[in-house]
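Participant: structure of the sequence below:
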Amino acid sequence: MRRHPEIVNHLGVLVLLGVIMATPFSIYAPFERPTVSQTFFVQLGIIVSGLIYFSLLLISRRCSFRTSGVTLFVILYFLIVLISSVNSKSSLFSLRESIFLFSLILFYLFFQSLVLSHKGLYKFVLAYLLTAVPITLYGIAQAYNFELLPYTKSALVGKKKILSFLGNPNYISFYLAPISFFAFGYGIMRAKRIWRYCWYILGLLIFLCLFLAGTRSAWLGILSGFMIVGFLILKYRLYIRSIRVSLKSIIIAPLVVILGVFFVITAQRLPYNLSERVLSMPEFRHRLFLWQIAREMLIDEPVLGIGYRQFNIKFPDYVIKFFSDDEQNRALTYILKAQRDKRPGHLHNEYIEVLVETGILGFLFFLLVIIGVFTGGIRHLSESCFRRQEKLFITFFLGGFTCLLVVGFWGFPFQLPCSGLLFWFCIAFLEKFRTLTGLKGARDV
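Facilitator: Okay, the predicted model is just below:
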């Protein structure tokens with residue numbers, strides 16, 4: 001290993017590519033909750049392979065790991081999670097639950113230690129695109145009553161008819177919505193038109209799958225992502241100067257029209273009422289109640305928080321307290337009676353959940369990680385060493401990352417195995433891209 005350290009590096013690349021591509025499909029019966037087996041696979045796969053990989057790195061005495069501000073904030077954030085978990089009443093439960101977060105952060109450190117070039121980084125994006133193909137096609141096929149997995153009949157009711165390999169339409173949107181931006185950005189970089197159009201079509205098919213699934217938060221994230229993409233393209237003048245109609249437009253226009261007609265026809269076969277999904281707001285009232293409960297928890301533990309994944313445990317106690325204080329509030333009383341006998345699982349807002357469970361300190365480091373990689377990605381657009389196509393790819397990548405961040409305001413994508421791994425991949429990718437920008441002669445892997 002000392003004589004051939006590149007073997008260790010290639011092994012690390014293959015392991016991470018395998019984890020990325022295998023996680024959505026690591027499911028076993030019963031299929032009602034694929035996230036359980038996917039979480040177990042992420043934890044086992046990353047921790048075991050990571051320990052072996054870093055042991056081989058010590059033997060080979062070669063590592064490209066560079067300590068940066070973002071990496072330091074990631075480590076400090078996890079330390080705060082551990083401290084708040086130990087400080088909580090159910091410390092063993094919090095520490096056990098933090099194993100999943102530890103595996104994701106180990107994935108980030110694993111990624112940073114690899115010797116990669118910009119070309120090598122794009123292979124990981126390609127892995128996500130290839131993984132999205134069967135997930136998207138299966139989701140669309142489910143709208144036409146095609147089933148591959150033995151889901152129970154109770155799981156395939158109404159809006160939940162489209163589950164694909166992830167077990168929930170919302171989980172599909174958390175995962176596929178950001179990848180749609182990767183598809184458009186990756187297609188821009190391709191020299192051959194046939195491959196370029198293939199990735200464009202994948203992006204459009206993902207939109208179709210999300211439309212059939214009936215998710216709303218995904219579209220808010222997609223809209224926000226495209227706003228960021230449009231702003232960056234205009235700010236850094238990445239648009240094509242010539243606005244003449246080209247052969248590409250003539251080819252793409254009929255395709256868009258055909259897909260638009262397909263959308264209209266398919267809308268009549270939706271497994272849910274579109275107007276009810278758009279106008280119904282009981283979910284918002286439910287989330288508002290959860291956030292008010294979270295506020296009470298934050299007041300009690302403002303600095304270090306209540307502990308990792310402790311919201312679900314402490315929820316019943318605070319419900320009783322909150323109920324007695326707001327007995328006259330009819331709206332809250334109605335929601336409370338519907339929620340009193342069951343736990344919510346998550347806060348349905350990643351940022352409030354991080355703030356409540358890790359306190360102000362953990363939330364601060366968490367925000368610094370996001371701000372650090374996002375601003376670092378924007379700085380690449382002003383670099384003269386990149387072609388316009390590469391800058392456009394980074395622009396769409398940032399759009400996908402924005403989409404995932406916005407979805408986090410309404411759901412819990414960072415807590416799920418597939419979308420959580422995608423979130424930390426975005427952070428690892430942007431940070432690795434930043435560190436490589438100042439290096440010369442980066443080797444292709």
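
Participant: can you give me how far stretch 97-117 is from the chain middle?
Facilitator: 15 Å (C-alpha atoms, centre = their mean, to the nearest Å).

Participant: any buried residues in it, and which?
Facilitator: Across stretch 97-117, burial judged by 16 or more other C-beta atoms under 10 Å covers 97-98, 100-108, 110-116. All C-beta spots, glycine's among them, are computed from the backbone N, C-alpha and C.

Participant: which ones are touching the closest residue to residue 346 other than its chain neighbours?
Facilitator: With sequence-adjacent residues excluded and distances taken as C-beta to C-beta, 6 or more residues apart in numbering, residue 346 is closest to residue 412, at 4.0 Å. Residue 412 is in contact with 345-350, 353, counting by C-beta atoms under 8 Å, 6 or more residues apart in numbering.

Participant: same thing with residue 130?
Facilitator: With contacts defined as C-beta under 8 Å, 6+ apart, residue 130 is in contact with residue 21.

Participant: not counting residues beside it along the chain, what's closest to residue 398?
Facilitator: Closest to residue 398 by C-beta to C-beta, 6+ apart is residue 377, at 5.1 Å.

Participant: quick one: contacts for that neighbour?
Facilitator: Residue 377 sits in contact with 394, 397-398, 401, 430, 433-434, where contact means C-beta under 8 Å, 6+ apart.

Participant: secondary structure element holding it?
Facilitator: With elements taken from DSSP states H and E, the one containing residue 377 is helix 350-379.

Participant: buried ones in that helix?
Facilitator: Using 16+ other C-beta under 10 Å as the test for burial, helix 350-379 gives 350-359, 361-363, 365-366, 368-370, 372-374, 376-378.

Participant: stretch 405-414 now?
Facilitator: Neighbour count says stretch 405-414 has 405-414 buried, by 16+ other C-beta under 10 Å.

Participant: how much space between residue 161 and residue 212?
Facilitator: 9 Å (C-beta to C-beta, to the nearest Å).

Participant: what do these two both touch?
Facilitator: Here residue 161 and residue 212 share the contacting residues residue 143, scored by C-beta under 8 Å, 6+ apart.

Participant: in terms of neighbours, single out the busier of the two.
Facilitator: Between residue 161 and residue 212, counting by other C-beta atoms under 10 Å, residue 212 is the more crowded of the two (24 against 20).

Participant: excluding chain neighbours, what is closest to that one?
Facilitator: Counting by C-beta to C-beta, 6+ apart, the nearest residue to residue 212 once its immediate chain neighbours are dropped is residue 143, at 4.5 Å.

Participant: what about the one you found, how many residues nearby?
Facilitator: Other residues within reach of residue 143, judged by other C-beta under 10 Å, total 18.

Participant: again, but for residue 396
Facilitator: 27.

Participant: between the contacts of residue 412, which is closest to residue 313?
Facilitator: Closest approach to residue 313 among those (C-beta to C-beta): residue 345, at 11.3 Å.

Participant: can you tell me the closest non-neighbouring residue to that closest one?
Facilitator: residue 312 (6.0 Å).

Participant: any stretches of the stretch 201-350 of the chain with poor pLDDT?
Facilitator: Applying pLDDT under 70 to the stretch 201-350 of the chain flags residues 239-285, 322-343.

Participant: that one: helices as residue ranges?
Facilitator: Taking DSSP state H, counting those that start in this stretch, the helices of the stretch 201-350 of the chain run over residues 217-235, 247-267, 274-279, 282-300, 311-325, 330-339, 350-379.

Participant: what's near enough to touch the nearest residue to residue 26 once chain neighbours are set aside?
Facilitator: Distance criterion C-beta to C-beta, 6+ apart; nearest residue to residue 26, sequence neighbours excluded, is residue 41 at 3.8 Å. When contacts are counted by C-beta under 8 Å, 6+ apart, residue 41 touches 22-23, 26, 417.

Participant: can you tell me which of the residues you listed are in helices?
Facilitator: Among the contacts of residue 41, DSSP state H puts 22, 417 in helices.

Participant: which one in the contacts of residue 41 is the model shakiest on?
Facilitator: The member of the contacts of residue 41 with the lowest pLDDT is residue 26, and it reads 86.

Participant: how close does that one get to residue 433?
Facilitator: Computed as C-beta to C-beta, the residue 26 to residue 433 distance reads 28 Å.

Participant: picking up where we left off before, want to throw the buried residues of stretch 405-414 into TSV with secondary structure, distance to residue 165 and pLDDT?
Facilitator: As requested, the buried residues of stretch 405-414 are exported to TSV (DSSP: H, G, I helix; E, B strand; the rest coil; distance: C-beta to C-beta, whole Å; pLDDT from 0 to 100):
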residue	secondary structure	distance to residue 165	pLDDT
405	helix	24	95
406	helix	24	94
407	helix	19	93
408	coil	22	93
409	coil	25	91
410	coil	22	86
411	coil	18	88
412	coil	19	91
413	helix	16	93
414	helix	19	93
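
Participant: tell me the one among those nearest to residue 53.
Facilitator: Nearest to residue 53 out of the buried residues of stretch 405-414 is residue 414 (C-beta to C-beta; 24.0 Å).

Participant: isn't that closest one right up against residue 421?
Facilitator: No. Under the criterion of C-beta atoms under 8 Å, residue 414 is not in contact with residue 421, lying 9.8 Å apart.

Participant: how much space separates the residue nearest to residue 26 from residue 134?
Facilitator: 17 Å.

Participant: same check, this time on residue 228
Facilitator: Distance check for residue 228 against residue 134: by C-beta to C-beta, it reads 28 Å.
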